[in-house]
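Undergrad: Any chance you can model this:
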Amino acid sequence: MTQRVTQRRLPGVRGAAVGSVLALAAGLAFVAGSAGPAAAIPAAAVAKPSEGCEGGGNARDAAKSASVTAATAAADAVRPRSTAVGTAAERISHSLPAQAPIGLWTESSVTLRTPVSKGTVRLDVTSRGFSTDSLAVQRYVPESHRWVDLTAGTSGSGSPQHAVLTFPLTTSASATKPHTVALRFMDLDRPGTFTVTASVTDGKGHTYRAPARTATTTRPEASVGGWHQGTTLTRGGPAGEFTLTVKNTTDRAYPRPYASYFAYGAGNGHALTPKDIDLQQYRPGHGWERVALVAGGCDPGMSATLRPATNGPLAPGATATYRLRVAVAGSAPRDVTAADAGVTAGNGDLSYFSQELPFTIKGGK
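TA: Prediction:
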């Protein structure tokens, strides 16, 4: 599962992420969001990482796989429901929730009430706002107690918005003895919608269709306050403060919320290192605490995972607030006069929000 999703998403992700400060300096291998609700991540004018070095393409691919693996492990801990959906009069019925939070598996199912002999269930999927290549789809096989991938045929388009997924089926289902197949969907890209039309050919020349179902792919809302365009920090001077706020506006809990900070700055002969940036986070009951920045793998960037702002999952309607301040050390190199920096927020290894917070560096003793 994870390898397929990584391979299908790789060209588009690399195109947006290679050279990006967000992926480069922060070491974030998979950045799905950016400043604003659904804009592409801008590439910064910095040295691009080589694909083989730490923090480059291989690490990004591994982390994308890890994000799906983590979500899958959590979902697999619960056996899927086999409850029939629809009405007794329907030969085929399909259920799909109204929301499909990004990075989480969303349960779905197809119920048959007609016998099928060596037939085929077909799912016609259309998307708006993101490519169907970014949508993972699986069905549950009770005999093996495993989820298996449903793979769409190659469309030839770089960013397809229609996919057809099929799987074989034989069942003696009837109105009084329905047969239900558990499905699940996961969007790994950005907000939008996808519509699924389920149908079945019964192997005897008949085709039955269920009404189309549409889900809205959602993600928590995040914003940054207190950091202004053109912010200037003085070497050895006071810190600049800002707040990252994340509110879960979806109808599902995000089990592993996280936030991180990154920075990158280079001059003619020097680059900023972790000792040059003082990052602190305020936590109620603890006060201001220093957060250690870690140097990037192959480029002169640095990043830090912030301390948790919530205890456990980020529940629907809940808010996580990260209060931060950043200062430049008096010993920071004089030829570095500006830094690209910013924050990201996400769940597990998947980032659904990022915003750049650049600053100019001046003076000092």
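Undergrad: can we go C-alpha only for contacts and neighbour counts from here?
TA: Will do.
Undergrad: now the strand or helix carrying residue 352: mean pLDDT?
TA: Secondary structure from DSSP states H and E places residue 352 in strand 350-356. On average, the pLDDT along strand 350-356 is 93.
Undergrad: helices or strands next to it in the packing?
TA: Here strand 350-356 touches strand 338-347, going by 3 or more Cα pairs under 8 Å, 6 or more residues apart in numbering; DSSP states H and E.
Undergrad: wait, isn't residue 129 in contact with residue 191?
TA: Yes. Counting by Cα atoms under 8 Å, residue 191 is a contact partner of residue 129 at 6.5 Å.
Undergrad: what's the closest non-adjacent residue to residue 269?
TA: Among residues not flanking residue 269 along the chain, residue 335 sits closest, at 7.2 Å (Cα to Cα, 6 or more residues apart in numbering).
Undergrad: Could you check how many residues crowd around that neighbour?
TA: For residue 335, the count of nearby residues is 16 (other Cα atoms under 10 Å).
Undergrad: quick one on the thing from earlier: so what angle separates the directions of the strand holding residue 352 and strand 338-347?
TA: Using axes from the mean of the first three to the mean of the last three Cα atoms, to 10 degrees, the inter-axis angle of strand 350-356 relative to strand 338-347 is 150 degrees.
Undergrad: Tell me which helix or strand comes right after strand 350-356.
TA: Assigned by DSSP H and E, the successor of strand 350-356 is strand 359-362.
Undergrad: Which strands or helices does that next one pack on?
TA: In terms of contacts (3+ Cα pairs under 8 Å, 6+ apart), strand 359-362 is packed against strand 232-234, strand 338-347.
Undergrad: that older thread, put the alpha carbons of the strand holding residue 352 into PDB.
TA: Taking Å, rounded to 0.1, in the frame of the first residue of the first chain, the C-alpha atoms of strand 350-356 are listed here in PDB:
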ATOM      1  CA  LEU A 350       2.000  14.400   7.100                       C
ATOM      2  CA  SER A 351       2.100  18.200   7.000                       C
ATOM      3  CA  TYR A 352      -1.200  19.900   6.100                       C
ATOM      4  CA  PHE A 353      -0.100  23.500   6.700                       C
ATOM      5  CA  SER A 354       3.000  25.600   6.300                       C
ATOM      6  CA  GLN A 355       3.800  29.300   6.400                       C
ATOM      7  CA  GLU A 356       7.000  31.200   5.700                       C
END
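Undergrad: Number the chain from 515, please
TA: Understood, numbering begins at 515; the last thing we discussed is strand 864-870.
Undergrad: Report the buried residues of it.
TA: Neighbour counts over strand 864-870 (16 or more other Cα atoms under 10 Å) mark 864, 865, 866, 867, 868, 869, 870 as buried.
Undergrad: what's the answer for stretch 721-737, then?
TA: Residues 722-724, 726-737 are the ones in stretch 721-737 that count as buried (16+ other Cα under 10 Å).
Undergrad: Among those, which are located in strands?
TA: Among the buried residues of stretch 721-737, DSSP state E puts 722, 723, 727, 728, 729, 730, 731, 732, 735, 736, 737 in strands.
Undergrad: just checking, the last one touches residue 762?
TA: No. In terms of Cα under 8 Å, residue 737 does not count as a neighbour of residue 762; the distance is 11.9 Å.
Undergrad: quick one: the strands in the stretch 765-879 of the chain?
TA: Taking DSSP state E, counting those that start in this stretch to define them, one finds strands in the stretch 765-879 of the chain at 771-778, 791-797, 801-804, 808-809, 815-819, 833-842, 852-861, 864-870, 873-876.
Undergrad: Show me the one of these that comes nearest residue 716.
TA: The closest of the strands of the stretch 765-879 of the chain to residue 716 is strand 864-870. By Cα to Cα, the value is 40.0 Å.
Undergrad: roughly how far out does that closest one sit from the chain middle?
TA: 9 Å (Cα atoms, centre = their mean, to the nearest Å).
Undergrad: and the closest residue to residue 626 other than its chain neighbours, how many neighbours?
TA: For residue 626, ignoring the flanking residues on the chain, the nearest one in space by Cα to Cα, 6+ apart is residue 606 at 4.6 Å. Neighbour count for residue 606, taken as other Cα under 10 Å: 26.
Undergrad: Over to residue 792?
TA: Other residues within reach of residue 792, judged by other Cα under 10 Å, total 17.
Undergrad: ok, back up a step: give me the pLDDT value at the residue nearest to residue 783.
TA: As predicted, residue 849 sits at a pLDDT of 94.
Undergrad: just residue 773 next, same as before
TA: What the model reports for residue 773 is a pLDDT of 97.
Undergrad: if I look at the residue nearest to it when sequence neighbours are not counted, how far off is residue 698?
TA: Excluding the flanking residues, the one nearest residue 773 by Cα to Cα, 6+ apart is residue 859, at 4.2 Å. Residue 859 sits 25 Å away from residue 698, going by Cα to Cα, to the nearest Å.
Undergrad: what about these two, which has more around it?
TA: Ranked by neighbour count (other Cα under 10 Å), residue 859 and residue 698 place residue 859 first, with 29 against 21.
Undergrad: and residue 666, how many neighbours?
TA: The tally of other residues near residue 666 (other Cα under 10 Å) stands at 18.
Undergrad: shouldn't it be in contact with residue 681?
TA: No. Using Cα under 8 Å as the test, residue 666 is too far from residue 681 to be in contact (10.7 Å).
Undergrad: ok so, going back, mind putting the strands of the stretch 765-879 of the chain in CSV, distance to residue 623 included?
TA: Shown next, in CSV, are the strands of the stretch 765-879 of the chain (distance: least, Cα to Cα, whole Å):
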stretch, distance to residue 623
strand 771-778, 28
strand 791-797, 43
strand 801-804, 48
strand 808-809, 44
strand 815-819, 37
strand 833-842, 32
strand 852-861, 26
strand 864-870, 26
strand 873-876, 50
